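> Turn this into a structure:
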Amino acid sequence: MRFTKPAWLAHEGEKKDAEVYSCDVSPCGTRLATGAGDGHVRIWSTEAIVNASNPSYTQPKQLASLSHHSGTVHSVRFSKNGKYLASGADDKILCVYSLEPGTAGHATFGSKETPPVENWRIFRRLIGHDNDVQDLGWSYDSSILVSVGLDSKVVVWSGSTFEKLKTLGNHQSHVKGITFDPANKYFATASDDRSIKIYRFTSPPPNATAHDQTSNFTLEANVTGPFQTSPLTTYFRRCSWSPEGAHIAAANAVNGPVSSVAIINRGSWDSEINLIGHEGPVEVCAFSPRLFLNQPPRDPNDPTAAAHPPPPAVSVVACAGQDKTISIWNTSFPRPFVTTSELASKPISDLSWSPDGETLYCTSLDGTIAALIFEKSELGYPAQAEDNAAALAKYGGAGRRVLAEGPEGVRLEEGSKRGELRGVEGRMGELMGDNGVAQGATLTNGVHGDDGALQANGIGSAAPTTNGVAAEPTPAQAPQQPKEKDPQQERIDKLKNRVTFTKEGKKRIAPLLVSSSNVGDTNLPRPQLQASMRLGGISDEPAGKTLDLSKPYDGLPKGGIASLLLGNKRKYAEVEGDDDEESKRAEKRVQSIQQTGATPIVHNTPDGLVPASSATGGKLEVPEVLRPAIVSPSLTVSQVRLAVPMVRSVILRPLDVHTPYSDLQQADDGNSGDRDTVIFEARNATGPSRTGRASDKEPTRITVTQSRRKEPQPVVLWQDFLPRAVLLTTGNQLFWAAACEDGSIHLWTPAGRRMMCAMVLESQPVILDCRGWWLLAVTAVGMVHIWDLRKQSKADGMPVSLAPVLDAASASIGAGGMTSAPSLMFARLNGAGKAVVGMSNGDGFAYNSGMGVWQRLSEGWWAVASQYWNTTDNSTATHRAGKSSAAPTRDGGEEFNPENLSAAILPLLERHTTTHALLRGRATFLSRLVRSLLSAEGYEGFETSVSIAHLENRLAAAYMLGAGDEFRIGLGMYAKRIGAEGLRGKVEELLKGLMGGSMLCDQEDPDADEEEEGERGGGAQWQWGDGDGILGWKREDLLREVVVGLGRQRELQRVTVPYARLLGILDTLPGGGEEGGMVVDG
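This next block holds a predicted model:
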C-alpha cells in the first residue's frame, strides 16, 4: 500500500486549508470531486494524484472549480452514468452540474484560482430542504437522486427532469446518510433518531411526475437494534451497500459500550455481525465496488477449470470516523487486515473507492485530501465484472452490456430513446407554463401516439407521431361538436362586463377580483378525481356515492365553519338579477323571509353561493326503510343465498348517474339550476290500507320527471302504477327498469310505453344494472341474468350461477381458522354485455360466455407481489372522456365502439382489491409471506416473475373484456418489461402474435412445415383474433410501437431489427439512408 497526500490537493484558504467534508470518484475513474467549507466544489484529475510523486508528470491537476453555493458543501456525488455531478450544502440548496462541450471559461479576475480545464456548468438548482443538506445518493440506473438533511426530510428527485417526486418524513431527527442498493430495489437512510430506514422503490420513467409516484418509495423496514445507545455527536452517518447487494455497513453503531460498524443482512434486515476496533464513533463506511477472490482465478481455457469450482468471492469495506483511523476489512477475516492511524489531525469525513477497487480516497476536517493506493493482489484478486452481475442477478440486478446489432440496431435504439426524451421535454414545457404547445397529438407513457392513443404524462405535438415516427396522414374528420358553455364561466363573463354609474353619471366597468375570475385550468397538478370530472369522465359508481371534489361541499357555506356560525354579512336586498325574472325571484325570497321571520342559510350549489329559498331550504327527504322484503321460498333450498334489499319509501334513479342525491332532491322540488335533470322515481305505499285489510296497500307510483332550465317546477313526462313494492330501479336513455318484491322486472320505453310483459325470475333481484341495450339482474339465489332488450333475447351462456365465484373466493381465504364467507359487493355490465363482479375479499371476476367459465381478473396476490399494482391510474378514464367515446346517437342511446367497451373496468377492480384486501387488512399475512420470499433461497426471480405474470393477466383481461385502451397501455408496459429482462422467447411470441396470420403468412416460407413452425413458436398461436385489427387498433400500429419500444434492448436487436426493417421504421429514423458507425457502448 502506498499513501499519497500532494501539497496542491487542498481547498486552500487565506490562513489555512478549508475543512473538506466529502469526496467522490467518477464512474470512469478519471475525476475526483471534493466539497469543502469554502463553498467550492473542486474536480481533480485522479491520474495527477496517483502520479504526484513523478516530477515528469505535467498534465493539469485541477480540472474545474465550481462556486455556486453560499455555504459549506457537505456532499458531492457523481451520477452512475457519469452525466451529472450533484452537490448539497448548508445553504439548503442542491446543485446539479453537467460537463458541457467546448472550451472552459476563465478564472475570476484577481483571484488565485487555477484556470479551469473542463467546461462544467450548473444544470439545475434544486430547492426542497428547510435546513442543511447532509448527504446525497444516486440510484444505480441514475433514474432518481435522493437528498437528506437536518430538516429530517428525505427528498426524492427525478434523475431526468429533476422534478421533486416525493418527500419522505418518516425520520424524527437529522438524517445524515444515504446509500443505494446495487440491484436498484432499495435505498437506506441513517438518522440521529437512532434508526436506519429501508425504502423500496421502482425506478420511475424519465417523464415521471410527483402525481405518478404517490405509491412508490414505500417504507420496507426500520432497523433500530444496533443504534439504541449510539452517540449523537457525529457529523455524518454515511452507510454503504455491498457490491453484491447482500449487506449494509452501518456507521455509528454500538455493541454494548464499544463503537462498532453494524453489518445488516438484506431481506431479514437483522444485524448479527459487528466490526469492532475503532476507539471513537465511525462516521463513514465505504464498500469497494469490486468483489475479490482469495485465490487467483483459473484460466477459462484450461480444460481442468470446469472440474474445480471457482473460489468464493469476498467484499472489502473501509471504515473511518472520529478516531482519525481508517480500517479496511475483508469478509473472509475476523480482523481488519489494514489499519492506518493518525492520517489527519481531525475526524475523517468521507471515503470513496476508484472503480477498479484498488485505490481509496479520503477527506478530513483538517483539510486533508489523500489517497491509499494498493498494489495488485494486495486486497485480493479482482473478480470479473460478470461475477458482480451474477451476484446481483440473485436480487434482480441489471444484466451485462452487449454490442449494438449493427448500424440499423443503433438507429432503432436512438429512435426508442428519442420517444422517451420527447416525453421529458413535453413534461418540462408543462412545468414551465408552456401552454402554446398544440394538443393535436397524444402521448402514451412518455411516447407519442396517433389520435387513438392515450395521453398520459406529457403534451402532444401538433402533428400526430407514434414513438417518434411520423404517422401517415388521415382523411379529414368530421368537425367536432361545440362544447357546452360552462354556466359559471358565463356568469364570470357577465360580471366582468357589468356597467355601473358613478356619482357624476359616468359609465364605468365594475372591477372584478382576480381571485374570483381565476376559474381556468392552471399549470399546477390537480387531483385525479377533479381532473376526471372536469373532463367528463364516466364513473360506474351509483348516484350519491361519488364525492365530486371539483364542486363545493354542500354541508358548509362558502365561508366555511365561520360563515356557518356567524352568518353571511351580505344582505338579500343587495342581490341583483341579470334579468327581470331573477329580480322577481329575489323579491319573492325577501317577502317570504319577512313573513316567516326566519333568515335562511345561504346554500352552496354547483354554480356558486346562492341565497336559500323555500324550495332549496327544505330538508332533504331521506328514503325510509318500510319493512324487509318478503323472502322467496326458493331461498330455503338454494345453496347460494344473497341478501335481499329492504322495501324503501322512495327510490330515485337519475338519467345521469353522476348526479348527487342532494341535486336530485332540489330538482324534485323545482330548483334545477342550469341543467336538465330527468329522474325516474318509484314511490312505494307508506300509508294505512284503504280497505281495512293489511294486504291491500296502495299501488307503487312510478313517475318520470324532467326539471328544465329556469323552470320553477319539474315537468311530469309520464306516470304508471305497479301493484307490488319496488326494490330496485335502473335505466338509461334507451329504457327504464324496475324490479319488484315478487321477483318480476317491468320495462318501459323513454316515453313510458311498456316494452314487454313483466319478466318473472326465480327470486327477487338483489342487483340491477344496465349498459346500452343490455340489462343485468342478479337474483337472491345467486343466478346472473343478462338480456339484450333490443333483440329481446338472453345473452350467450345465461343464466349462470355465482356459486363457482363464491366457492373460489372462499378457498382463497385459507383454512387458518373460522372466517366469514366472502360476499358479493357489486355486479356491473360492460359495453359488450359481460358481467363483472367484485367480492368482499377483494377478488374480481368476469364471465367469459365464449368459454362458459368465470375468470378471475383481480386478486390480492397481485396487490402484494406485483411491482405494477397502482390504484391511482386514471389515464384510461381521462382518455375516454377526451375522446367522447360514449357519445349520444340519433336514437338517444350510447355509441359503444370496440376500443372502449370496458374502459376503466380493470382500474375499478384493482381499486376494489386495494380497498378490501390491503386497506382492510385481509392480505396482511399474505404480504408478510411475500416479503419473506423476496430474500429466501430459491426465490431469486420471484418478484420479477410475479410482476410479468400480472402484466400478462392484465393483457388477457383487457382482451376478454374488449377494453382496447387498457390493452394498448398494458401491451406497452409488458413489452418494455420483458425486453428489459431479456426474455427473448416471450418477445418472439409477442411479435409474432401481434403480426397476425395475414402479415405472417406473407413473410414466411410457404413451403415450411407446419410442425416446424409450431416448434419454433410461430404459426397461428396467440394472434388475438384473425383480423387485421385488435380491439379497434391496427396490428401494424401496435407492432410498430412494440418494436420501437424494444429497440433500445441490444440483446434483442437480432429479433427486433428484422421487424423494424419490415415495417419501414428504419427508413424514417435519422441516418436511414446512410450506414453510420457502430456504437459499442450506449
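> Name the residues of stretch 265-276 that are buried.
Across stretch 265-276, burial judged by 16 or more other CB atoms under 10 Å covers 266, 269, 271, 274-275. All C-beta atoms are positioned from the backbone trio N, CA, C, and that covers glycine.
> Same question for stretch 931-940.
In stretch 931-940, counting by 16+ other CB under 10 Å, buried: 931, 934-935.
> Show me where the stretch 401-550 of the chain dips below the pLDDT cut-off.
Applying pLDDT under 70 to the stretch 401-550 of the chain flags the ranges 401-406, 408-409, 417-550.
> what's the answer for the stretch 901-1050 of the chain, then?
901-903, 997-1023.
> Recalculate using a threshold of 90.
901-945, 947, 958-970, 972-973, 976-985, 987-1037, 1039-1050 (pLDDT under 90).
> Any idea how many residues pack against Glu12?
15 (other CB atoms under 10 Å).
> and Gly35, how far is that from Val155?
The gap separating Gly35 from Val155 is 18 Å, by CB to CB, to the nearest Å.
> Where do the domain boundaries of this structure fall?
Annotated domains of the chain cover 19-91+93-127, 225-296+312-400, 637-661+675-686+698-794 [the TED database].
> any idea which of those is most buried?
Greatest average neighbour count among the domains of the chain goes to domain 225-296+312-400 (a mean of 20), per mean count of other CB atoms under 10 Å.
> ok, back up a step: which stretch among the domains of the chain approaches Asn207 most closely?
domain 19-91+93-127 (16.3 Å; CB to CB).
> the helices in the stretch 851-1000 of the chain, which residues?
860-865, 875-883, 905-913, 924-934, 942-961, 964-980, 984-1003 (DSSP state H, counting those that start in this stretch).
> Out of the ones you listed, flag the one nearest Pro226.
When the helices of the stretch 851-1000 of the chain are compared by CB to CB, helix 924-934 sits nearest Pro226, at 21.0 Å.
> packing partners for that closest one?
helix 860-865, helix 942-961 (3 or more CB pairs under 8 Å, 6 or more residues apart in numbering; DSSP states H and E).
> What is the burial count for Arg194?
Close neighbours of Arg194, defined as other CB under 10 Å, add up to 22.
> typo on my end, Glu1051
A count of neighbours around Glu1051, defined by other CB under 10 Å, yields 15.
> Checking it next. Helix, strand or coil?
Secondary structure state of Glu1051, per DSSP: H, G, I helix; E, B strand; the rest coil, is helix.
> Would you agree it is in contact with Gly982?
Yes. Contact criterion CB atoms under 8 Å: Glu1051 and Gly982 qualify, at 5.4 Å.
> Same list (the buried residues of stretch 931-940) but as CSV, adding distance to Thr924.
Formatted as CSV, these follow (distance: CB to CB, whole Å):
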residue, distance to Thr924
Arg931, 11
Leu934, 16
Ser935, 19
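> List just the nearest of the residues you listed to Thr944.
The shortest approach to Thr944 among those belongs to Leu934, at 10.7 Å (CB to CB).
> what's near enough to touch the closest one?
Shown in contact with Leu934 (CB atoms under 8 Å, 6 or more residues apart in numbering): 267, 942-943.
> Would you quantify the distance from Ser152 to Lys197?
On the measure of CB to CB, Ser152 and Lys197 end up 11 Å apart.
> Can you work out which residues contact both of those two?
Joint contacts of Ser152 and Lys197 (CB under 8 Å, 6+ apart) are 171, 191.
> Just the strands from the stretch 201-350 of the chain, written as ranges.
In the stretch 201-350 of the chain, the segments counted as strands under DSSP state E, counting those that start in this stretch are 218-223, 240-241, 247-255, 258-265, 271-276, 282-287, 292-293, 313-314, 316-321, 326-330, 338-340, 348-353.
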